[in-house]
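Student: got a predicted structure here, sequence first:
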Amino acid sequence: MGTLIKGKPVADKIKEDIKAEVKELRAKGTIPKLSIIRVGADPGDISYERGALKVMSELDIDVQVNALPENITQEEFVDFLKKVNSDSSVHGILIFRPLPKQLDENVIKYVIDANKDVDCFSPLNVAKVFEGDESGFPPCTPAAVMEMLKYYNVELKGKRAVVIGRSMIVGKPVSMMLLKEHATVTICHSRTQNLPQVASEADVLVVGIGRAKMVNSEYVKDGAVVIDVGINVDEDGKLCGDADTEDCARKASLITPVPGGVGSVTTSVLAKQVIKACKLQTGSC
Ligand SMILES: NC(=O)C1=CN([C@@H]2O[C@H](COP(=O)(O)OP(=O)(O)OC[C@H]3O[C@@H](n4cnc5c(N)ncnc54)[C@H](OP(=O)(O)O)[C@@H]3O)[C@@H](O)[C@H]2O)C=CC1
Ligand SMILES: Nc1nc(=O)c2c([nH]1)NC[C@@H]1CN(c3ccc(C(=O)N[C@@H](CCC(=O)O)C(=O)O)cc3)C=[N+]21
């Protein structure tokens, strides 16, 4: 029976490190600040926002929530974003995605100031993740996956990693981050043939699909580490992952639960990136 590896101790350690940094910044008269831009009131956005507000308040980081109307035009949105970009009291900007259809993400991604882009929307930050240049901001969720693997001492060098999912917010960036740690990475998606067979070759299996409990023990090699990024709601209205945790745990050595796994580390990583942005902008690093 595999061990459940929880996010809380990982999040607590990240928060502990940040606390001292916030104190130092505040002593110098700098108040770190995150600006959240939410269009409409999507439940996923709202639940992430709630988590982010809680963590930032614990850490004494200021947050400004900008709830914009669902029908905002492209021009109005771009004007608003430019204002936040140039507000020197704001160090980090988080724009919830996906944005509604009338807003063109392929234009907006070039508008956000890359130095404030704490969740990797800007192509400049995307490029840095792909180059393995750590001076930018990777998206918080893949960074949380890497924090979990590091905290629980999972060896990556030379190991086979399989990622299921190829989105820009989870699958692709986490694949590049695993590659930087010298794993041999395979990226799977909805057209992958013989998925259970490919997945079961993995020493480390990272799942970010958006299908409740799709991954079962058939996808898992004996002794593999399973990182479940999925956040879904099951038939009973309860949160669950993309993996059937109980079934996978019969074969896995380590597996992350949902809730209480990767998702609970994401907001602490967000705080860490706000502090990194703040230090960059105030020249205190
Ligand atoms: N923990 C956290 O903080 C966060 C969690 N999430 C969760 O992670 C999951 C993934 O999110 P996200 O990446 O945004 O989702 P997307 O819908 O953008 O991407 C899903 C990916 O999974 C692939 N996929 C879909 N169905 C299958 C299938 N049957 N077999 C194999 N691959 C499949 C898709 O393939 P294709 O490209 O071919 O369509 C796609 O690449 C969701 O459950 C989401 O809720 C997301 C963000 C943050
Ligand atoms: N630019 C951008 N980046 C995102 O990462 C992003 C986004 N937009 N839009 C919305 C989705 C959704 N999402 C969630 C993350 C955590 C919980 C969540 O429930 N977290 C719990 C913990 C869940 C668990 O324990 O696994 C918590 O924070 O306490 C929900 C939703 C991020 N998203």
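Tutor: Cool, the structure landed. Ligands and ions are numbered 1, 2, ... in the order given.

Student: what packs against the helix or strand containing Thr141?
Tutor: If you go by DSSP states H and E, Thr141 is part of helix 140-151. Packing partners of helix 140-151 (3 or more CB pairs under 8 Å, 6 or more residues apart in numbering; DSSP states H and E): helix 8-27, helix 171-180, strand 225-228, helix 263-282. Any C-beta I mention is one placed from the backbone N, CA and C, and that applies to glycine too.

Student: give me whichever of these is most buried.
Tutor: strand 225-228 (a mean of 28; mean count of other CB atoms under 10 Å).

Student: close to ligand 1, is that one?
Tutor: No - Strand 225-228 is not in contact with ligand 1 by CB under 6 Å from any ligand atom; minimum separation 8.8 Å.

Student: please shift the residue numbers so they start at 512 in all later answers.
Tutor: Taking 512 as the first residue, the last one we looked at is strand 736-739.

Student: summarise which helices and strands that strand is packed against.
Tutor: The contact analysis (3+ CB pairs under 8 Å, 6+ apart) places strand 736-739 against helix 651-662, strand 715-718, strand 765-766.

Student: can you map out the helices along the stretch 512-661 of the chain?
Tutor: Using DSSP state H, counting those that start in this stretch, the helices of the stretch 512-661 of the chain run over residues 519-538, 554-569, 585-596, 616-619, 634-642, 651-662.

Student: ok, now which ones touch the closest residue to ligand 2 within the stretch 512-661 of the chain?
Tutor: At 2.7 Å from ligand 2, Gly562 is the closest residue in the stretch 512-661 of the chain, using CB to the nearest ligand atom. By CB atoms under 8 Å, 6 or more residues apart in numbering, Gly562 lies in contact with Gly774, Ser775, Thr777, Thr778.

Student: can you lay out those residues as TSV showing distance to Arg677 and pLDDT?
Tutor: Shown next, in TSV, are these (distance: CB to CB, whole Å; pLDDT from 0 to 100):
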residue	distance to Arg677	pLDDT
Gly774	20	95
Ser775	24	94
Thr777	19	98
Thr778	24	98
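
Student: near ligand 1, which residues of the stretch 562-711 of the chain?
Tutor: By CB under 6 Å from any ligand atom, the residues of the stretch 562-711 of the chain that approach ligand 1 are 652, 675-678, 680-682, 699-703, 706.

Student: which of those tops the neighbour count?
Tutor: Using other CB atoms under 10 Å as the neighbour criterion, Ile675 leads these with 29 neighbours.

Student: which phi and psi does that one have?
Tutor: With angles defined as degrees, to the nearest 10, Ile675 sits at phi -100, psi 120.

Student: domain ranges for the chain?
Tutor: 539-627, 651-774 (automatic domain parsing).
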